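Chemist: 3D, please:
(2 chains)
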Amino acid sequence: KAGVTQTPRYLIKTRGQQVTLSCSPISGHRSVSWYQQTPGQGLQFLFEYFSETQRNKGNFPGRFSGRQFSNSRSEMNVSTLELGDSALYLCASSLGGRGWSYEQYFGPGTRLTVT
Amino acid sequence: AQSVTQLDSQVPVFEEAPVELRCNYSSSVSVYLFWYVQYPNQGLQLLLKYLSGSTLVKGINGFEAEFNKSQTSFHLRKPSVHISDTAEYFCAVSRGSGGGADGLTFGKGTHLIIQP
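Modeler: Got it, this is the predicted structure:
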């Protein structure tokens, strides 16, 4: 079974631009979560999508948004990029269901650098 | 909201020696607890999880962890480490049954360094 894939793996953008990251979950998984990983703040939860609906949301500004398609693939968008948005963005998929008991499978991440 | 503290940012250990990585959490509600490992340039991989039941949880690669509710701890142990265990280890907590809006809350990570 193929794992979680994220594209692109590396990205360089300029302040003020916007960016879209993509995540393809494991086949059959309906839940996709996004996390931001930085050296200073560590791993922080952005949001979770389940069956095309945002089910949970972390404490990030509205510049961070996402969506999920009918095939469970998910995209994350960051508008008006700031230097502080430079990070590794990780996507995780799981079977879903209520609560967080289902194992989350993480992708390799997209390394975003904002200059 | 919950929080996680990993007490050691770095732990050097000699190969074949035992290791313990410490994790303490704070939460006003019941929780699920997890340990993840991250190898360089890779995503996170689940080592083990505690949802309920036996407080001693066994995971992959010979790791185990013990849930201690009174001390709000979930320390990770391995009796004999190998060079291949060199990685970053993350303790995480989520709200227990019923879900929660804040997803998984991670600790800052512990870098396990295996010395030959």
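Chemist: B:S94 is in contact with B:T105, correct?
Modeler: Yes: judged on CB atoms under 8 Å, B:T105 makes contact with B:S94 at a distance of 7.0 Å. C-betas here are computed from N, CA, C, even on glycine.
Chemist: Name the residues contacting each of the two.
Modeler: B:Q2 (CB atoms under 8 Å, 6 or more residues apart in numbering or on different chains).
Chemist: Buried residues of stretch B:4-18, list them for me.
Modeler: Going by neighbour count (16 or more other CB atoms under 10 Å in any protein chain shown), the buried part of stretch B:4-18 is B:4, B:6, B:11, B:13.
Chemist: what do you get for stretch B:26-40?
Modeler: Across stretch B:26-40, burial judged by 16+ other CB under 10 Å covers B:27, B:31-38.
Chemist: And for stretch A:103-115?
Modeler: A:104-112, A:114.
Chemist: Nearest the middle, which residue of chain A would you pick?
Modeler: The centroid of chain A falls nearest to A:W34 when counting by CA atoms, centre = their mean (3.0 Å).
Chemist: Phi, psi for that one please.
Modeler: phi -120, psi 140 (degrees, to the nearest 10).
Chemist: got a list of what it touches?
Modeler: A:23, A:45-48, A:66, A:74, A:76, A:89-92.
Chemist: And for A:G96?
Modeler: Listed by CB under 8 Å, 6+ apart, the contact partners of A:G96 are A:29-31, A:50-51, A:102.
Chemist: which residues in chain A form strands?
Modeler: Shown for chain A, the strands assigned by DSSP state E span residues A:5-7, A:10-13, A:19-24, A:31-38, A:42-50, A:53-57, A:64-68, A:74-78, A:87-94, A:105-106, A:110-114.
Chemist: Could you dump those strands into CSV and include mean pLDDT?
Modeler: CSV is the format used below for the strands of chain A (pLDDT from 0 to 100):
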stretch, mean pLDDT
strand A:5-7, 97
strand A:10-13, 98
strand A:19-24, 98
strand A:31-38, 95
strand A:42-50, 93
strand A:53-57, 89
strand A:64-68, 97
strand A:74-78, 98
strand A:87-94, 95
strand A:105-106, 92
strand A:110-114, 97
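Chemist: Make CSV out of those strands and add distance to B:K78.
Modeler: Formatted as CSV, those follow (distance: least, CB to CB, whole Å):
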stretch, distance to B:K78
strand A:5-7, 29
strand A:10-13, 33
strand A:19-24, 31
strand A:31-38, 24
strand A:42-50, 22
strand A:53-57, 32
strand A:64-68, 36
strand A:74-78, 34
strand A:87-94, 24
strand A:105-106, 21
strand A:110-114, 30
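Chemist: mind checking which of those strands is nearest B:Q45?
Modeler: B:Q45 lies closest to strand A:105-106 among the strands of chain A, at 7.1 Å (CB to CB).
Chemist: Summarise which helices and strands that closest one is packed against.
Modeler: Packing contacts for strand A:105-106, counted by 3 or more CB pairs under 8 Å, 6 or more residues apart in numbering or on different chains; DSSP states H and E, involve strand A:87-94, strand B:44-50.
Chemist: how far is the helix or strand following the last one from where the chain is centred?
Modeler: Proceeding N to C from strand B:44-50, the next assigned helix or strand is strand B:56-58, under DSSP states H and E. Strand B:56-58 sits 11 Å away from the centroid of its parent chain (CA atoms, centre = their mean, to the nearest Å).
Chemist: relative orientation of the helix or strand just after strand B:56-58 and strand B:44-50 in degrees?
Modeler: Counting by DSSP H and E, the next helix or strand C-terminal to strand B:56-58 is strand B:64-68. Interaxial angle, strand B:64-68 versus strand B:44-50 (axes from the mean of the first three to the mean of the last three CA atoms, to 10 degrees): 50 degrees.
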